[in-house]
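K.L.:
Quick one: sequence and predicted model below, then my questions.
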Amino acid sequence: MEEDRKDRTEEAFEEEEVEVVHEGPEQRAAREEEAPSAEAAREEMKEKYLRLYAEFENYRKRVAKDREELLRYGNESLLADLLPSLDNLEIALEHAAAGETAGALVEGVENTLRELYRTLEKYGVKRIEALDRPFDPAYHHAISQEEREDVEPGIVVEELRKGFIYGDKVLRAPLVSVSKRPEGSAS
């Protein structure tokens with residue numbers, strides 16, 4: 001029975017053809033030199049990863065700070081451009097307090113209004129022209145109708161509050177009154 005087991009083991013070794021590698025002293029030294037260099041490469045990759053991660057975190061923080069400053073000071077130039085209008089209003093009030101004529105006050109207020117319109121236009125805000133134009137619900141907000149025989153129906157006959165557009169977006173629709181045919185008139 002002992003001999004039978006020994007024969008089967010020998011047969012198994014013969015069938016598998018196991019390759020035995022004999023390592024010489026140079027090959028062993030090369031293998032031992034490779035092991036530390038693999039460890040060094042792993043450490044180098046880890047260092048690169050940590051530096052890259054730190055750079056990304058710094059970038060993320062810088063972008064968040066820039067965004068916060070943009071939101072906080074984004075209107076800075078607009079506000080600076082509005083300051084001359086404030087100056088003009090103060091000058092007009094000073095002239096009125098000094099007892100100057102109402103004409104000087106009116107002139108100061110008109111100058112201020114022109115300055116404000118100029119500033120708004122500089123930033124892309126324009127007035128929506130409504131009076132005597134066909135009513136357009138995309139741009140006008142009708143609050144009343146007025147029976148008029150002298151005007152075609154659907155025409156803006158009165159502008160109660162001015163409207164403004166910023167780029168192609170309505171900032172505030174003008175409040176308007178729109179013409180309609182008088183009841184009982186022929187259409």
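P.N.:
Cool, got the structure. Since this is a predicted model, take the numbers as computed values, not measurements.
K.L.:
low-confidence ranges in the chain?
P.N.:
For the chain, the stretches flagged by pLDDT under 70 are 1-21, 186-187.
K.L.:
Would you tell me which helix is longest in the chain?
P.N.:
helix 25-73 (DSSP state H).
K.L.:
Give the next helix or strand downstream of it.
P.N.:
helix 76-97 (DSSP states H and E).
K.L.:
can you give me the angle the helix or strand just after that next one makes with helix 76-97?
P.N.:
Note on helix 76-97: by DSSP H and E, the next helix or strand toward the C-terminus is helix 102-122. Using axes from the mean of the first three to the mean of the last three C-alpha atoms, to 10 degrees, the inter-axis angle of helix 102-122 relative to helix 76-97 is 170 degrees.
K.L.:
helices and strands around helix 102-122, which ones?
P.N.:
For helix 102-122, the packing partners by 3 or more C-beta pairs under 8 Å, 6 or more residues apart in numbering; DSSP states H and E come out as helix 76-97. For every residue, glycine as well, the C-beta is placed using N, CA and C.
K.L.:
which parts of the helix it packs on are buried?
P.N.:
Buried positions in helix 76-97, judged by neighbour count with 16 or more other C-beta atoms under 10 Å: 81, 82, 85, 88, 89, 92, 95, 96.
K.L.:
Out of those, which is nearest to residue 116?
P.N.:
residue 85 (4.9 Å; C-beta to C-beta).
K.L.:
coming back round to it: got the angle for the longest helix of the chain vs helix 76-97?
P.N.:
20 degrees.
K.L.:
any idea how far helix 25-73 is from the chain center?
P.N.:
The chain centre lies 32 Å from the centre of helix 25-73; the measure is C-alpha atoms, centre = their mean, to the nearest Å.
K.L.:
Export the buried residues of helix 76-97 as a markdown table, with columns for distance to residue 129.
P.N.:
Listed next are those as a markdown table, based on distance: C-beta to C-beta, whole Å:
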| residue | distance to residue 129 |
| --- | --- |
| 81 | 24 |
| 82 | 24 |
| 85 | 23 |
| 88 | 25 |
| 89 | 26 |
| 92 | 28 |
| 95 | 33 |
| 96 | 32 |
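K.L.:
Looking at these, point me to the pair that's furthest apart.
P.N.:
So, the buried residues of helix 76-97 by C-beta to C-beta: farthest apart are 81 and 96, at 24.8 Å.
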